[in-house]
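Undergrad: got a sequence here, can you build the structure:
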Amino acid sequence: MSFVMQEITSQPETWARAADLAVTAETAAALPAPGERVAVVGCGTSLYMAKSFATLRETAGLGETDAFAASEYPRNRSYDRVIALTRSGTTTEVVDLLRALPEGHRSSVITTGTRFPAADAADDVIVMDFADESSIVQTRFATSALALWRAHLGQSLDTAIADARTALSEGVPAGVAAQEQFTFLGTGWTVGLADEAALKLREMAQTWTESYPAMEFRHGPISVIGERSAVWIFGAAPSGLVEELAVTGGTVVRSDLDPMAHLISAQLLGVQVAEGRGLNPDEPRNLTRSIILPG
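TA: Residues are numbered from 1 along each chain as shown. Okay, the predicted model is just below:
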C-alpha cells in the first residue's frame with residue numbers, strides 16, 4: 001500500500017485527535033478570538049484549506065477573515081492575527097511572510113513540529129505531528145487542520161468522522177475513474193475543497209482537472225463537459241445545475257456525506273486514476289515535499 005493510501009485511510013482517527021486538540025487552552029489561545037480581523041495564508045493545498053477556513057469563520061459571524069497565497073499577502077493591510085498553514089514548516093513564502101510581519105500583527109502557525117523555521121518565526125505554534133505524512137502528496141494534514149478549525153468554531157466533528165469511515169468503505173463511485181476530464185465544484189466553504197480535489201488529481205495522476213465555484217461554472221466552463229467528463233459537486237448543487245449537466249452527457253458525482261468526508265472519496269479517486277495509469281501517487285512529477293526557493 002502506498003504511503004498516501006495509508007494516510008488517506010487514517011483520517012477518521014486524525015480528525016478525532018484534531019478535534020480534541022482544538023479545545024485545549026493552548027490551542028484556543030493560538031487561534032483567533034471572536035471579533036479579531038484575521039488573515040489565513042498558505043501555499044498549494046494549504047491555500048485551499050485557508051479559503052475554507054476564512055469562509056467558515058465569516059459565515060459563523062466571528063469576524064472578518066481573508067485568505068491569501070502567502071506570496072500574495074497584502075502588506076499594506078492591518079490584521080489582528082495572521083494564521084499560517086504549512087505541513088513542512090519550511091515553505092519559503094510562508095517563512096518570509098511571518099518574519100516580515102510588522103509589530104502588532106500577531107501570528108500563529110499550524111504545522112507538524114516546533115523545530116521548523118515557520119515555528120520559530122510565529123508567535124504561537126499549533127503542532128499536529130500526528131497528522132504528518134510520508135507522501136509528497138498532502139491529504140490528512142490538510143483535512144486534519146480543517147477539522148481542528150471546525151472544532152475551534154464550535155462544530156461537532158462526530159458526523160464528519162462517521163461519514164469519513166463511510167467514504168473509505170464505499171470507495172470511488174463506479175465508472176468515475178475511467179473518465180478523462182474532471183471538474184470539481186463547490187459553494188461557500190467547499191470551494192476550497194473543490195480546488196483541493198482538483199489539485200490531488202493533477203498531482204497524483206497528471207490528469208486534466210478544473211475547479212470552480214458552482215455558480216461560476218455555468219459562465220463558460222460548462223462548455224468543456226462531455227461524455228468523457230466527470231463533474232464532482234461538493235455540498236448542495238445550485239438549482240437547475242444537475243439538469244443542465246444531464247444534457248452534456250457527463251457523469252455527475254454528488255453525495256450526502258459531510259463535504260470533508262466527500263473529499264476523501266476524491267483523494268481515493270486520485271490514487272485509483274494514478275495507479276491505473278502506472279504512476280506512483282506518492283511521488284508526483286516535478287514536486288518535492290516542501291517548496292524552498294533559493295535566496
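Undergrad: my read: Gly270 touches Leu279, true?
TA: No - in this structure Gly270 lies outside contact range of Leu279 using CB atoms under 8 Å: 10.0 Å. The C-beta positions use only the backbone N, C-alpha and C, and glycine is treated the same way.
Undergrad: any common contacting residues for those two?
TA: Met204, Ala205 (CB atoms under 8 Å, 6 or more residues apart in numbering).
Undergrad: what about the two, which has more around it?
TA: Gly270 (29 against 17; other CB atoms under 10 Å).
Undergrad: and the pLDDT for Gly295?
TA: Gly295 is assigned a predicted lDDT (pLDDT) of 61.
Undergrad: got it, and Arg289?
TA: On the pLDDT scale, Arg289 is placed at 61.
Undergrad: what pLDDT, on average, does the longest helix anywhere in the chain get?
TA: Taking DSSP state H as the assignment, the helix of the chain that covers the most residues is helix 259-276. Here helix 259-276 scores 97 as its mean pLDDT.
Undergrad: same deal with stretch 193-204?
TA: For stretch 193-204, the per-residue pLDDT averages 97.
Undergrad: ok, Leu153 - contacts?
TA: Leu153 touches Leu56, Arg57, Ala60, Leu62, counting by CB under 8 Å, 6+ apart.
Undergrad: return a PyMOL selection command for the buried portion of the residues you listed.
TA: Buried members of the contacts of Leu153 can be picked out in PyMOL with the line below, counting by 16 or more other CB atoms under 10 Å:
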select buried, resi 56+57+62
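Undergrad: just the contacts of Leu153: which are in helices?
TA: Among the contacts of Leu153, the members found in helices (DSSP H) are Leu56, Arg57.
Undergrad: among the contacts of Leu153, which one lies nearest to Glu170?
TA: The shortest approach to Glu170 among the contacts of Leu153 belongs to Leu56, at 25.5 Å (CB to CB).
Undergrad: now the closest one. Nearest residue, chain neighbours left out?
TA: In this structure, Leu56 finds its nearest non-sequential neighbour in Trp189, 4.8 Å apart by CB to CB, 6 or more residues apart in numbering.
Undergrad: which residues in the chain form strands?
TA: 38-42, 65-69, 81-85, 106-111, 124-127, 181-186, 208-213, 229-233, 251-253 (DSSP state E).
Undergrad: tabulate those strands (TSV), appending mean neighbour count and mean pLDDT.
TA: Output for these, formatted as TSV (neighbours: other CB atoms under 10 Å; pLDDT from 0 to 100):
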stretch	mean neighbour count	mean pLDDT
strand 38-42	26	98
strand 65-69	20	98
strand 81-85	27	98
strand 106-111	25	98
strand 124-127	20	98
strand 181-186	26	98
strand 208-213	20	95
strand 229-233	25	97
strand 251-253	20	96
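Undergrad: would you mind giving those strands as CSV with distance to Leu241 added?
TA: Shown next, in CSV, are these (distance: least, CB to CB, whole Å):
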stretch, distance to Leu241
strand 38-42, 28
strand 65-69, 25
strand 81-85, 30
strand 106-111, 34
strand 124-127, 37
strand 181-186, 8
strand 208-213, 11
strand 229-233, 8
strand 251-253, 9
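Undergrad: alpha carbons of the longest helix of the chain, as PDB, please.
TA: Extracted in PDB, the C-alpha atoms of helix 259-276 (Å, rounded to 0.1, in the frame of the first residue of the first chain):
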ATOM      1  CA  PRO A 259     -18.200  17.600   2.400                       C
ATOM      2  CA  MET A 260     -14.900  17.000   4.200                       C
ATOM      3  CA  ALA A 261     -15.600  13.200   4.100                       C
ATOM      4  CA  HIS A 262     -16.600  13.600   0.400                       C
ATOM      5  CA  LEU A 263     -13.100  15.000  -0.200                       C
ATOM      6  CA  ILE A 264     -11.700  11.600   1.000                       C
ATOM      7  CA  SER A 265     -13.600  10.000  -1.900                       C
ATOM      8  CA  ALA A 266     -11.800  12.400  -4.300                       C
ATOM      9  CA  GLN A 267      -8.500  11.600  -2.700                       C
ATOM     10  CA  LEU A 268      -9.200   7.900  -3.400                       C
ATOM     11  CA  LEU A 269     -10.100   8.800  -6.900                       C
ATOM     12  CA  GLY A 270      -6.700  10.400  -7.400                       C
ATOM     13  CA  VAL A 271      -4.900   7.200  -6.200                       C
ATOM     14  CA  GLN A 272      -7.100   5.000  -8.400                       C
ATOM     15  CA  VAL A 273      -6.500   7.000 -11.500                       C
ATOM     16  CA  ALA A 274      -2.800   7.300 -10.800                       C
ATOM     17  CA  GLU A 275      -2.400   3.600 -10.300                       C
ATOM     18  CA  GLY A 276      -4.500   2.800 -13.400                       C
END
